[in-house]
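Enquirer: Turn this into a structure:
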Amino acid sequence: MGVNLRGRNLMAIKDFTEDEVLYLIQLSEQFKRLKLAGTPHKYLEGKNIALLFEKTSTRTRCSFEVAGYDLGMGVTYLDPGSSQMGKKESIADTAKVLGRFYDGIEYRGFDQDLVEELGANAGVPVWNGLTDKWHPTQMIADMLTIKENFGKLRGINFVYMGDCRNNMGNSLAVTCAKLGVNFVGCGPKDLWPEEDVQELAREFAEVHGSKVHFTEDVKEATTDADVIYTDIWVSMGEPEEVWEQRIEQLHPYQVNKEVMNNAKDTAIFMHCLPSFHDLNTTIGKEINDKFGDKYELNGQEVSEEVFLSHQSKVFDEAENRMHTIKAIMYATLK
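Expert: Numbers count the residues shown, from 1 in each chain. Predicted structure coming up:
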């Protein structure tokens, strides 16, 4: 494909060309084959990476750690209390110090400007593991999962249900548009992405032969859908007080069997996880006890029936985080 990403930062998919994104997906497929065959691939032996987490995570941390070890690298994990970044030391100074120690840096937190500042000062590749605006590493895993199920990306009809203006809604709209995937965001109008994100997605769609559309109508959105995707209704870091407001806004947009039945027979369900599909979490149970009767909740953003169905690809998608993060690190560090 003639793509060279050596030394590049990964801040958002909008910064990469279609060929560069497709290259990362293709590379992910190769690494997945090596992993499943048990073939060693310590291609980055002798390199070291730092993982900076202001927001905790299961999949992102484990994906980066296992991917790093598989590639032969040393891995250092720093939680919010393990560095002076932003407290006793500026972001720029921290970046410059870590860039002297490490060959690559991952950051997962809140502010997109912060990860951009890290990238501008580190002198080594910096990867955005999630901010409030973008979630680029998840995008490669999601597109790989779609390709595995349909054998293609271009022409797929993709529907995102719920809070369309969070990092997942933003990222999926832009990524789908760039790869020729038709994107529909379905949720209340005041939870659609900011206008600049919508405009960016439409610009990419015009260039890459896809469509971008937002609607409040669930039936319209999900008719002929190949992929139906959702995320939790309240993101990490948002105050507890928003739960009832968000449930009132979004319970009509729950992904349930009726929604899936309106899509194609071959449609799949996706979710970046974690998911409140049952009562087996502290938060899930608390929210159900408070609001379950009032809103007739059966799960929250997705019903248990759909989450556990044959159409659900959520655990394939979660596994693919590891293979795709491996591809991202290899491509930028090789």
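Enquirer: What residues does residue 311 make contact with?
Expert: By CB atoms under 8 Å, 6 or more residues apart in numbering, the contact list for residue 311 reads 260, 267-269. All C-beta spots, glycine's among them, are computed from the backbone N, C-alpha and C.
Enquirer: quick one: low-confidence parts of the stretch 51-200 of the chain?
Expert: The model of the stretch 51-200 of the chain has pLDDT under 70 over residues 82-86.
Enquirer: switch to 80 and redo it
Expert: The stretch 51-200 of the chain contains residues with pLDDT under 80 at 80-88.
Enquirer: What segments of it are helices?
Expert: Remark: helices assigned in the stretch 51-200 of the chain by DSSP state H, counting those that start in this stretch are 59-70, 91-101, 112-122, 136-150, 167-178, 195-208.
Enquirer: And the residue nearest in space to the middle of the chain, how far from residue 182?
Expert: What sits nearest the mean C-alpha location of the chain, by CA atoms, centre = their mean, is residue 138, with 2.9 Å. When distance is defined by CB to CB, to the nearest Å, residue 138 is 20 Å away from residue 182.
Enquirer: Kindly report the same for residue 240.
Expert: From residue 240 over to residue 182 the distance is 36 Å, taken as CB to CB.
Enquirer: more crowded one of those two?
Expert: Neighbour count, other CB atoms under 10 Å: between residue 240 and residue 182, residue 182 has more, with 21 against 10.
Enquirer: before we move on, back to that, quick check: closest non-adjacent residue to the residue nearest to the centre of the chain.
Expert: residue 272 (5.4 Å; CB to CB, 6 or more residues apart in numbering).
Enquirer: Hmm, residue 139 and that neighbour touching each other?
Expert: No: contact between residue 272 and residue 139 fails when scored by CB atoms under 8 Å: they sit 9.8 Å apart.
Enquirer: any idea where the strands of the stretch 151-300 of the chain begin and end?
Expert: Secondary structure of the stretch 151-300 of the chain (DSSP state E, counting those that start in this stretch): strands at 157-161, 182-186, 212-215, 227-230, 268-271.
Enquirer: looking at the ones you listed, which is closest to residue 101?
Expert: Using CB to CB as the criterion, the shortest distance between residue 101 and the strands of the stretch 151-300 of the chain is 36.0 Å, found for strand 268-271.
Enquirer: so what secondary structure elements neighbour that closest one?
Expert: Other elements packing on strand 268-271 under the criterion 3 or more CB pairs under 8 Å, 6 or more residues apart in numbering; DSSP states H and E are helix 136-150, strand 227-230, helix 304-307, helix 314-333.
Enquirer: got the ones you listed as a markdown table, with distance to residue 191 columns?
Expert: Formatted as a markdown table, the entries for those read as follows, by distance: least, CB to CB, whole Å:
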| stretch | distance to residue 191 |
| --- | --- |
| helix 136-150 | 19 |
| strand 227-230 | 12 |
| helix 304-307 | 21 |
| helix 314-333 | 22 |
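Enquirer: any idea which of those is most buried?
Expert: strand 227-230 (a mean of 27; mean count of other CB atoms under 10 Å).
Enquirer: so what does that one touch, helix or strand wise?
Expert: Counting by 3+ CB pairs under 8 Å, 6+ apart, strand 227-230 packs on strand 157-161, strand 268-271.
Enquirer: that older thread, tabulate the helices of the stretch 51-200 of the chain (a markdown table), appending distance to residue 14.
Expert: Below are these laid out as a markdown table (distance: least, CB to CB, whole Å):
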| stretch | distance to residue 14 |
| --- | --- |
| helix 59-70 | 20 |
| helix 91-101 | 22 |
| helix 112-122 | 11 |
| helix 136-150 | 9 |
| helix 167-178 | 5 |
| helix 195-208 | 6 |
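Enquirer: Looking at the ones you listed, which one is packed in the most?
Expert: helix 167-178 (a mean of 27).
Enquirer: Alpha carbons of that one, in CSV - could you do that?
Expert: Output of helix 167-178 as CSV, limited to C-alpha atoms (Å, rounded to 0.1, in the frame of the first residue of the first chain):
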residue,chain,number,x,y,z
ASN,A,167,-16.2,10.8,21.8
MET,A,168,-17.7,7.7,20.2
GLY,A,169,-20.3,9.5,18.3
ASN,A,170,-17.8,12.0,17.0
SER,A,171,-15.2,9.4,16.1
LEU,A,172,-17.5,7.0,14.4
ALA,A,173,-19.2,9.7,12.3
VAL,A,174,-15.8,10.9,11.0
THR,A,175,-14.2,7.4,10.6
CYS,A,176,-17.2,5.9,8.8
ALA,A,177,-17.4,8.9,6.4
LYS,A,178,-13.7,8.6,5.6
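Enquirer: so which of the helices of the stretch 51-200 of the chain gets nearest residue 233?
Expert: For residue 233, the closest of those is helix 167-178, at 11.7 Å, according to CB to CB.
Enquirer: In this structure residue 52 contacts residue 108, no?
Expert: Yes: using CB under 8 Å, residue 52 makes contact with residue 108 at a distance of 7.1 Å.
Enquirer: Which one's more surrounded, the two?
Expert: For the pair residue 52 and residue 108, the greater number of neighbours falls to residue 52 (25 against 22), based on other CB under 10 Å.
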